[in-house]
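S.K.: sequence first, then the predicted structure, then my questions.
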Amino acid sequence: MHHALAIAQKPQADWQAAIEAVPAECPHRDCSGGIGCRERVSAYMRVQWRMLTRRKARAPQSGPA
């Protein structure tokens, strides 16, 4: 999960390249995820992307109403 947290700190425009840099296979022998690290991080970041997009769309617009 540390990969996802590090990627989330970057600008959204850099997320794709950062996800692609994550190893496809988990290097930890005790991993119980069942899928590779890149796939897990990618799925998590897709959820974060949608959440941020929706949050920005609902943000109040400044200016006269």
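M.R.: Okay, I see it.
S.K.: got the contact list for the residue nearest the centre of the chain?
M.R.: Nearest residue to the geometric centre of the chain (CA atoms, centre = their mean): residue 45, 2.2 Å. Counting by CB atoms under 8 Å, 6 or more residues apart in numbering, residue 45 touches 4, 7, 8, 15, 19. C-betas here are computed from N, CA, C, even on glycine.
S.K.: let's see it at 6 Å
M.R.: Shown in contact with residue 45 (CB atoms under 6 Å, 6 or more residues apart in numbering): residue 15.
S.K.: what is the distance between the helix or strand that contains it and the centre of its chain?
M.R.: Here residue 45, judged by DSSP states H and E, is contained in helix 37-58. Relative to the centre of its chain, helix 37-58 is centred 5 Å away, using CA atoms, centre = their mean, to the nearest Å.
S.K.: give the buried residues for it.
M.R.: For helix 37-58, a neighbour-count test (16 or more other CB atoms under 10 Å) marks 37, 38, 39, 40, 41, 42, 44, 45 as buried.
S.K.: which regions of the protein lie under the pLDDT threshold?
M.R.: 1, 32-33, 61-65 (pLDDT under 70).
S.K.: rerun that using 90 as the cut-off
M.R.: By pLDDT under 90, the low-scoring segments of the chain are 1-3, 22-40, 56, 58-65.
S.K.: what is the one helix or strand residue 15 maps to packed up against?
M.R.: In the assignment (DSSP H and E), residue 15 maps to helix 15-20. Using 3 or more CB pairs under 6 Å, 6 or more residues apart in numbering; DSSP states H and E as the contact test, the elements touching helix 15-20 are helix 37-58.
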